[in-house]
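>>> here you go, sequence then predicted model.
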Amino acid sequence: MRDRNFLLLWSGQFISDFGSQISIFALPVIAILVLHATALQVATLQSVEFATISVVAVIAGALADRHRRKYVMMITNAVRLLTMLTIPIAYGLGRLTIEQLFICGIVASAASVMFDVAYQALVPSLVGNERLADGNAKLSMSGSVAEAVGQSTGGAIVQMLGAPFAMLADALTFIVSLATLWRMRHDEPKHVPDASAEGDQEHTLRTFAKETLAGFREIWEKPPLRMVALMTATNYLGGSIVTAIFPVLVYRQLHLPPEALGVIMGVANVGMVGAFTAKPLQKLFGDRGTMGSAVLISGIGKLMYVAANLSPLGAVLFGRLLITFAGPMYDVTQNTYRVAFIPEPLMGRVAAAFRALTWATLPVGSLLGGVFASTFGVQRTICIGSTISFCAILWLGTRVQARHENRLAGAA
């Protein structure tokens with residue numbers, strides 16, 4: 001795929017993802033090793049970030065569909081750039097606190113969800129439906145590469161400069177991403193107000209509310225979209241329970257240094273090839289079979305952490321390998337599956353509604369992870385989270401009418 005606009009978006013997103021992975025790696029280190037946060041505080045920090053994403057996602061779709069998505073992405077990147085810069089500045093002045101991490105997490109999460117919704121809504125118009133699966137696979141693959149390189153680099157940067165100053169690397173990548181977005185020249189489809197909103201002023205609260213709810217209505221009324229939303233939400237709930245206590249496991253119980261974890265996470269991300277197994281697996285097992293397989297593999301990967309006390313490096317490495325293989329495979333499949341049922345004018349709103357519904361489980365799971373870890377211990381909490389993730393497969397039994405599946409086949 002050699003489309004200039006897609007290549008600019010792809011390269012800019014890769015660099016931005018690379019920097020974000022450094023921040024994702026560094027923030028728990030700052031909280032645990034610099035500010036000496038408790039397990040519940042670390043889990044709460046993650047929970048607040050996820051809660052922000054769920055709340056902002058409710059209105060993000062309508063905003064993305066009302067404005068040029070390119071400019072939405074540029075503005076949100078600028079906000080994230082400034083937010084990340086405040087952390088090393090405050091640390092250098094000796095004023096960094098856990099409260100500031102919470103504020104930065106909220107602001108950055110709000111900007112990130114706006115960026116992601118606009119990004120997902122823009123891709124189909126850039127590549128066209130006939131190349132969407134290939135485009136999603138490339139974007140998912142590059143995201144996994146960025147995660148692998150970013151995690152490994154993050155460990156080295158944290159070790160050399162300290163976690164707070166590692167945030168500078170993330171800030172610099174947003175500058176590069178801004179430059180690539182600025183160079184894009186793409187005629188986006190113009191926003192057309194809903195027919196149901198005729199007679200209202202364009203920017204009234206009533207019209208905006210109708211446009212926002214349109215995405216949720218679309219998901220509820222179409223069984224395939226509803227099925228994928230419920231499946232993803234259940235999987236996310238279990239995954240967030242495990243993710244919330246993962247830093248406590250590796251830094252407090254296993255006593256792994258940041259640079260060692262960075263290497264492990266980087267090596268494990270060879271599982272990124274899962275993005276390119278999605279299409280052949282879809283042909284063999286269908287969309288449902290591929291999504292179910294991804295959930296199963298990811299759940300097994302989470303369970304591997306239970307054996308971390310016996311073999312710290314092996315359990316974390318193999319667990320992460322399975323998770324990073326399953327994640328892109330699931331994302332590519334469900335993204336391509338969903339898009340076949342969504343009209344282009346609703347792309348942003350449905351993407352936002354999907355994000356709001358599925359990510360609403362993340363703050364709940366993160367808080368539960370902190371509470372369960374304090375009550376039952378880390379290993380039992382991992383078992384609970386993994387079991388919930390496995391339960392996501394049950395939603396595949398939801399009946400989807402043949403006409404919906406036929407529509408997907410016609411869009412392939």
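Sure thing, it's come through.
>>> contacts, neighbours, all on C-alpha from now
Fine.
>>> residue 255: neighbour count?
Residues contacting residue 255 under the criterion other CA atoms under 10 Å number 11.
>>> list phi and psi for it.
Main-chain dihedrals, residue 255, degrees, to the nearest 10: phi 60, psi 40.
>>> roughly how far apart are it and residue 308?
Residue 255 sits 11 Å away from residue 308, going by CA to CA, to the nearest Å.
>>> what's the answer for residue 209, then?
Residue 209 is 48 Å from residue 308, by CA to CA.
>>> which of these two has more residues huddled nearby?
When residue 209 is set against residue 308 and neighbours are counted by other CA under 10 Å, the residue ahead is residue 308, at 20 against 14.
>>> tell me the SS of the more buried one?
Following DSSP: H, G, I helix; E, B strand; the rest coil, we place residue 308 in the helix state.
>>> look up the closest residue to it, ignoring the ones flanking it.
Nearest residue to residue 308, sequence neighbours excluded (CA to CA, 6 or more residues apart in numbering): residue 315, at 5.1 Å.
>>> can you tell me the element that neighbour falls in?
With elements taken from DSSP states H and E, the one containing residue 315 is helix 312-339.
>>> and the next helix or strand past that helix?
Beyond helix 312-339 in the direction of the C-terminus, DSSP H and E gives the next helix or strand as helix 347-359.
>>> hmm, who's touching that following helix?
With CA atoms under 8 Å, 6 or more residues apart in numbering as the contact definition, helix 347-359 has outside contacts at 50-51, 53-62, 64-65, 117-118, 120-121, 211-212, 214-216, 218-219, 229-230, 232-234, 236, 339, 342.
>>> and that helix, C-alpha only, in CSV?
Output for helix 347-359, consisting of C-alpha atoms alone and laid out as CSV, is shown next (Å, rounded to 0.1, in the frame of the first residue of the first chain):
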residue,chain,number,x,y,z
MET,A,347,-17.6,5.9,11.6
GLY,A,348,-16.4,8.3,14.3
ARG,A,349,-19.5,8.0,16.5
VAL,A,350,-19.6,4.2,16.4
ALA,A,351,-15.9,4.0,17.1
ALA,A,352,-16.4,6.3,20.1
ALA,A,353,-19.4,4.5,21.3
PHE,A,354,-17.6,1.2,21.0
ARG,A,355,-14.6,2.6,22.9
ALA,A,356,-16.9,4.0,25.6
LEU,A,357,-18.8,0.7,26.1
THR,A,358,-15.7,-1.5,26.1
TRP,A,359,-13.3,0.7,28.0
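>>> what residues of the helix or strand encompassing residue 279 count as buried?
Remark: residue 279 resides in helix 274-303, with elements defined by DSSP H and E. Buried positions in helix 274-303, judged by neighbour count with 16 or more other CA atoms under 10 Å: 274-279, 281-282, 287-303.
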